[in-house]
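Enquirer: Next come a sequence and a model predicted from it.
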Amino acid sequence: MGSLGHANPSFPVLDDTRPDDRSLPAFMVSTTRGFLPRMDPIETLPPDFDVLESILQRMPVKTLSGEPGLLAHGKLGETVAKELPDLTDAVEKYKDDLPLMNALYRDYSFLASAYLLEPCHERFVRGEGYGLARDVLPANIARPIAKCAALCNFKPFMEYAGSYALFNYRLADPSQGLASHNLRLIRAFERGLDPASSEAGFVLVHIEMVKHSGPLVAGAVACIDACSSRHHSSAAPSPRARLNEALRTVLGALQKVNATMETMWSRSRPTEYTSFRTFIFGITSQSMFPRGVLYEGVFSSDSEGESGKSGNENGQRVSFRGESGANDSMIPLVDNLLTVPMPDTPLTEILRDFRSYRPGEHRRFLEWVGRAAEEGGLKSWALGLEGSEEENEDDHQDEKRETRALWIKVLDQVRDFRWRHWCFAREYILKRTSHPTATGGSPIVTWLPNQLAAVMDEMTRLYGAVGEKEGEGLGSEVEAIMDLVGRQREMLRKEVRKFCEERGVEGAVPV
Ligand code: HEM
């Protein structure tokens, strides 16, 4: 396994993702593909799964040929009952091929979500509320999904990385790689097999953003490395010079991520989001699943338990959060690297709960970065905060001023991401539906502002602490950033208050 030769060796970040190695999980962390899977996702299943493949191809509201599919006619439930055998033994046969297990996990999770939420989709297109979903997952879906999810270390329900988004693309022409025009979805619920559709645009923009995460990973590791070598490195470039270079790398990657995010407005129309969104809701905190879901043939009292379960007389009913970009790893990586404090609210508890819906290696990497930054004192060293050993250091004043400016600029990219995100929530969701919870089960009005306000407050606090320390300040660019932060903070406060009043949301409003 490759590791960063120059970096803290305690976390195995790959340089070479070994795309042909089927013994490693599909999702690891690399300096080249960042948080994307090690290889392009597997598209074709072995012939043992031909029936599954056939159902999935016939499933979307609009199939690849353009004909209406099973979900357009409300026929998925009966097709699953009539045609699909329990293929758990076939899953077992391929269990050592982890990327294939990931592909099967993706495919069964698409089928599970479509099966459970089909009745809600039917009501939604008739202009009614979602009503109740199916709350029993039959054994021919429940047993194989439980098996391949366990082998890949996912929950047995659709997740963002392992299934819906990051393991769900194919290259129209393999020689053209990950170019935007060359990406297609493998699976879709609604019209997503058409690359010009809003469903495809929504998913593909996520993938195209994560495409830029390699330098983000490399930059983050290099920040940790510079910090941990600060006491015993006399070689040039100095640890602070290396830190600044690493922060520039992080900044450059985030700028690309944010520029790609901005393309969402044209690639996925705000008016069309709610029609494919029905299928990506989770079970946790959703009115469609008041009693959770019974997975037939699994989670019975004599089988292994799962987090999120809640017992009932007929066996174990379980509950999982739905897929959500909240399980993406890029922004949490920067939160951890810069040790951004989150408020002590129930909303932050949800942020923590989302952590368990990431691929194992992503989760471990984020934990490692958070711990290394905190225990190594990265923030106070970098910024020369009160009490740090560099507070009174005379050397490197220009370099230290540059670190401070870069730190604020990186935070500003996180703010930019979260602000745009709040605008997405407003335009794609809040203006179109009164359903109170997002697909991941967080409260739709207050949750995103909880983190957006936290990052703006951190910027204000740090700028207050270090912005004016030297006579020259941190430059006009940072001043303009902080001006904007002041104005946006006030706008956010007003908007959240307005939506809370309109929707009768009470309780802790974070802003
Ligand atoms: C139309 C576009 C989008 C909409 C409507 C949207 C909606 C949401 C909502 C409602 C949440 C709250 C969590 C939950 O699901 O319960 C969320 C969280 C999140 N989403 Fe999105 N999202 C969009 C695009 C994206 C994209 C392209 C990314 C890129 C990776 C992304 C990444 C995230 C992240 C990181 C969070 C957690 C935010 C935080 O920590 O403050 N989202 N999203």
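Expert: All right, it came through fine. The structure presented is a predicted model; accordingly, all values stated were derived computationally and were not measured.

Enquirer: Now look at stretch 16-35 and say if it contacts the ligand.
Expert: No - contact of stretch 16-35 with the ligand is not found when judged by CB under 6 Å from any ligand atom; the minimum separation is 9.5 Å. Every residue, glycine included, has its C-beta placed from N, CA and C.

Enquirer: tell me the average confidence for that stretch?
Expert: pLDDT averaged over stretch 16-35 equals 98, rounded to a whole number.

Enquirer: Span of that stretch from start to end?
Expert: Distance between the boundary residues of stretch 16-35 (CA to CA, to the nearest Å) amounts to 13 Å.

Enquirer: Would you mind naming what in the stretch 151-300 of the chain lies close to the ligand?
Expert: Remark: the part of the stretch 151-300 of the chain in contact with the ligand comprises 202, 205-206, 209, 261, 264, 268, 273, using CB under 6 Å from any ligand atom.

Enquirer: And the furthest pair within those residues?
Expert: Every pair in those was compared (CB to CB); the two farthest apart turn out to be 209 and 273, at 17.0 Å.

Enquirer: The two: who's more crowded?
Expert: residue 209 (23 against 20; other CB atoms under 10 Å).

Enquirer: Pick out the residue nearest the middle of this protein.
Expert: Averaging the C-alpha coordinates of the chain gives a centre point, and the residue nearest to it by CA atoms, centre = their mean is residue 328 (1.8 Å).

Enquirer: isn't that one right up against residue 35?
Expert: Yes - the pair residue 328 and residue 35 passes the contact test of CB atoms under 8 Å, sitting 7.4 Å apart.

Enquirer: what residues do those two have in common as contacts?
Expert: Taking CB atoms under 8 Å, 6 or more residues apart in numbering as the contact criterion, the common neighbours of residue 328 and residue 35 are 161, 210.

Enquirer: show me the contacts for residue 130.
Expert: 120, 123-124, 278, 281, 287-288, 435.

Enquirer: repeat that for 6 Å
Expert: 120, 288 (CB atoms under 6 Å, 6 or more residues apart in numbering).

Enquirer: next one: residue 214
Expert: Shown here is residue 214, whose contacts under the criterion CB under 6 Å, 6+ apart are 31-34.

Enquirer: Near the ligand, which residues of the stretch 401-511 of the chain? Just list them.
Expert: Counting by CB under 6 Å from any ligand atom, the residues of the stretch 401-511 of the chain that sit close to the ligand are 418, 421, 424-425, 428-429, 438-442, 444, 447-448, 451.

Enquirer: and the nearest residue to residue 404 once chain neighbours are set aside, what are its phi and psi?
Expert: Counting by CB to CB, 6 or more residues apart in numbering, residue 466 is the residue found nearest to residue 404 once chain neighbours are left out, at 4.9 Å. The phi/psi pair for residue 466 (degrees, to the nearest 10) reads phi -120, psi -10.

Enquirer: my guess is residue 466 meets residue 405, correct?
Expert: No - between residue 466 and residue 405 there is no contact under CB atoms under 6 Å: 9.5 Å.

Enquirer: hang on, the earlier thing: make CSV from the residues of the stretch 151-300 of the chain next to the ligand and add distance to residue 128 and pLDDT to it.
Expert: As requested, those are exported to CSV (distance: CB to CB, whole Å; pLDDT from 0 to 100):
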residue, distance to residue 128, pLDDT
202, 24, 98
205, 30, 98
206, 30, 98
209, 34, 98
261, 33, 98
264, 28, 98
268, 24, 98
273, 18, 97
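
Enquirer: any chance of those in a markdown table, plus distance to residue 324?
Expert: Supplementary listing: those in a markdown table, determined by distance: CB to CB, whole Å:
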| residue | distance to residue 324 |
| --- | --- |
| 202 | 12 |
| 205 | 15 |
| 206 | 11 |
| 209 | 15 |
| 261 | 15 |
| 264 | 15 |
| 268 | 15 |
| 273 | 13 |
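
Enquirer: Narrow those residues to those in helices?
Expert: For those, membership in helices holds for 202, 205-206, 209, 261, 264, 273, with DSSP state H as the criterion.

Enquirer: Tabulate these in CSV, adding columns for distance to residue 105.
Expert: Written out in CSV, the entries for those read as follows (distance: CB to CB, whole Å):
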residue, distance to residue 105
202, 21
205, 23
206, 18
209, 22
261, 27
264, 26
273, 25
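
Enquirer: Can you tell me which of those residues comes closest to residue 229?
Expert: Nearest to residue 229 out of those is residue 209 (CB to CB; 31.1 Å).

Enquirer: quick one, what contacts the residue of the stretch 1-150 of the chain found nearest the ligand?
Expert: The stretch 1-150 of the chain approaches the ligand most closely through residue 35 (9.5 Å), counting by CB to the nearest ligand atom. Listed by CB under 6 Å, 6+ apart, the contact partners of residue 35 are 210, 213, 329, 362.
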